[in-house]
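Asks: return atomic coordinates for the entry below.
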Amino acid sequence: MRLASIAVLPTLVLTLAAWFYPAVFSSLRRDPDALVHGEVWRLLSPVLVQADVFEHDGWWRALAVLALVAAILSFAERKYGARRSLILYGVGALVGHGVGELWQPYGSGCSVAGCGVLGGVAVWLLSARPLQVRVGAALVIAAAIAGTWFEDIHGPPLLAGAVLGRWLLRSVPLPQRLR
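Replies: Below you'll find the predicted structure:
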């Protein structure tokens, strides 16, 4: 839970600030022109603000995304530690916002970072004994492939999390009830 708070709380605070001061959003969002002109932080800074809040009823979506990312991070941190979870979160953010610069410029959000963690969790659960768990994990990986095919920015971080997760989590045993 500690990692979830560390990752999600700044996003909530900066999203609130961006709602009152749109310049905060402009300085953190994806911006291909700014990236080309040396603002390299634009590959990671979009994870710090939810763009949903600028749409009608967007606060509900933003809060739902933050809650889901916090839940995924809490689960991951308990199962295989804060360091591995943070690596998956960072890779998800970097990959998601990297392709976002091409596929969905001028957006932002932490959902892609959460997808990196989810990809790592899914590949870890592929070796679980209950068929339902393996099928669910396989569906997440299939959704990642489909998302990438259709140029959804959540597909590549899911895949990157799965690939990195396979390597990072190989030494983490499944709980007894999943073996």
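Asks: surely Leu14 touches Ala23?
Replies: No - contact criterion Cβ atoms under 8 Å: Leu14 and Ala23 do not qualify, at 11.8 Å. Any C-beta I mention is one placed from the backbone N, CA and C, and that applies to glycine too.
Asks: so these two - more neighbours on which side?
Replies: Leu14 (19 against 9; other Cβ atoms under 10 Å).
Asks: can you classify that one by secondary structure?
Replies: helix (DSSP: H, G, I helix; E, B strand; the rest coil).
Asks: what sits against it?
Replies: Going by Cβ atoms under 8 Å, 6 or more residues apart in numbering, Leu14 touches 24, 28, 48-49.
Asks: tell me the most packed of those residues, by neighbour count.
Replies: Val49 leads the contacts of Leu14 on contacts (other Cβ under 10 Å) with 30 neighbours.
Asks: now stretch 154-161: mean pLDDT?
Replies: Averaged over stretch 154-161, pLDDT sits at 97.
Asks: Leu164 and Ser85 touch, don't they?
Replies: No - at 11.5 Å, Leu164 does not count as touching Ser85 under the criterion of Cβ under 8 Å.
Asks: measure Leu12 to Ala18 for me?
Replies: 11 Å (Cβ to Cβ, to the nearest Å).
Asks: okay, now the unreliable bits of this protein?
Replies: In the predicted model of the chain, residues 1, 174-179 satisfy pLDDT under 70.
Asks: alright, calling it a day.
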